[in-house]
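**Q** Got a sequence here, can you model it:
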Amino acid sequence: MRNRWIFAAALCLAVAGCQQKHETAAASKSFTIAVIPQGSTHEFWKSIHAGAMKAAGDEAKDGVQVNVIWKGPMREDDREQQVQVVEGFTTQHVSGIVLAPFDKNALVRPIEEATRAGIPTVVIDSALESQDPISFVASNNFHGGELAAEEMNRLLGGKGKVLLLRYQEGVFSTEQREKGFEEKIKTFPGITLISSNQYAGATRDTAKSAAENLLNRYGNEIDGLFTPNESSTAGALLALEDAGKAGKIRFLGFDASDIFVQAMRDGKLHGVVVQNPFRMGELGVKTLVAHLLGKPVEKRVDTGVTLITPANLDSAESKQLLHPPIEQYLK
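**A** Residues are numbered from 1 along each chain as shown. Here you go, the predicted structure:
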């Protein structure tokens, strides 16, 4: 009997010891995750950065230490520098990479090299022409373009001439928005798309110049204008203001900024389709961490799109999307 008690006590201690070791191992999980945006000047990328930092904080509460390294190109159109950033993190052998690829083709090789090196990747915002990433976390950009087209038709009462000022070739996310807008606007018989082959370029200044050229070319023919991202919307807004046409042309943009909020209040901008970049950054990191911990992850995560107009500008949902808690997480 005494021997049985001794054995039972020893077994309990062994089990407790194993459990303690398991809990300690779980608590000591530590990962270094590189988050690589297309750029870092736009509010959109700052929101993604803040979301990534929130994810790291949430994981720490669960005993998983996540070191987020944020690094992207100086210019949003610098595909070569983004390639070099990916290659650099592959050489450092980080635990994983969260990437918003500027070019859906140019980033394929460096990401597939990272995969061969045992570094998993989650792609956010804009898709990559590769099956290597474990997950794609992004908005339904095609649907975002459709929402803009439907609102343009409503604003124009089903009749008018419209311009589409594209962003830049090779960027999957904006190409999908443009495609969604173009295909949907053509379903309205009273709407004519009079220009859809001009590009704004990667900066507000290049977008302003491109918009000015369109305004000069088409003059009073223009009833509506759609731009598919933050910089193209900001540049076109400046061009409309300088030409004295702000508020006279029905203008819809994409993405959120304080400038756009004020422009909507002033009647110069008639709506924006917004994403949830904060959520995108958060889920990008959390999806990668889940994979690193051996958990199953979704191949496609849709973070949603919402049309914000002067009519719903002050709703609780709009305020949350327009003013993510960037300062709280980027101190």
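**Q** Which SSE is immediately downstream of the helix or strand harbouring residue 208?
**A** Using DSSP states H and E, residue 208 sits within helix 204-218. Per DSSP H and E, the first helix or strand lying C-terminal to helix 204-218 is strand 224-226.
**Q** Pretty sure residue 202 sits against residue 73.
**A** No - the pair residue 202 / residue 73 is not scored as a contact, 10.1 Å apart, by C-beta atoms under 8 Å. In short, each C-beta sits where N, CA and C put it, glycine included.
**Q** which residues are common contacts for these two?
**A** Counting by C-beta atoms under 8 Å, 6 or more residues apart in numbering, the residues touching both residue 202 and residue 73 are residue 39.
**Q** What residues sit buried inside the helix holding residue 208?
**A** 204, 206-208, 210-212, 214-215 (16 or more other C-beta atoms under 10 Å).
**Q** Kindly indicate which of these lies nearest residue 191.
**A** residue 214 (16.9 Å; C-beta to C-beta).
**Q** Just give the number of residues close to the residue nearest to the closest one when sequence neighbours are not counted.
**A** Excluding its sequence neighbours, the residue lying closest to residue 214 (C-beta to C-beta, 6 or more residues apart in numbering) is residue 163, at 5.7 Å. For residue 163, the neighbour count with other C-beta atoms under 10 Å is 24.
**Q** helix or strand for residue 163, which one?
**A** Going by DSSP H and E, residue 163 is in strand 160-166.
**Q** Beyond that strand, next helix or strand please.
**A** helix 172-185.
**Q** partners of whichever helix or strand comes after that following helix, with directions?
**A** With elements assigned by DSSP H and E, the helix or strand that comes after helix 172-185 is strand 191-199. The pairing partners recorded for strand 191-199 under DSSP bridges are strand 160-166 (parallel).
**Q** quick one: contacts of the strand it pairs with?
**A** Taking C-beta under 8 Å, 6+ apart as the rule, strand 160-166 contacts 152, 156, 174, 178, 181-182, 185, 190-200, 207, 210-211, 214, 218, 221-228, 232, 236, 250.
**Q** helix/strand/coil for residue 86?
**A** Here residue 86 is recorded as helix under DSSP: H, G, I helix; E, B strand; the rest coil.
**Q** Please, which helix or strand holds the closest residue to it other than its chain neighbours?
**A** Nearest residue to residue 86, sequence neighbours excluded (C-beta to C-beta, 6+ apart): residue 110, at 4.1 Å. Taking DSSP H and E as the criterion, residue 110 maps to helix 108-116.
**Q** wait, what's in contact with the most centrally placed residue in the chain?
**A** When C-alpha atoms, centre = their mean is applied to the chain, the residue found nearest the centroid is residue 125 (3.7 Å). By C-beta under 8 Å, 6+ apart, the residues touching residue 125 are 38, 48, 100, 138-139, 173, 277, 280.
**Q** Among those residues, name the ones in strands.
**A** residue 138 (DSSP state E).
**Q** so which of the contacts of residue 125 is the most crowded?
**A** residue 48 (33 neighbours).
**Q** what residues are up against that residue?
**A** 35, 37, 100, 124-125, 277-278, 280-281, 284 are the contacts of residue 48 under C-beta under 8 Å, 6+ apart.
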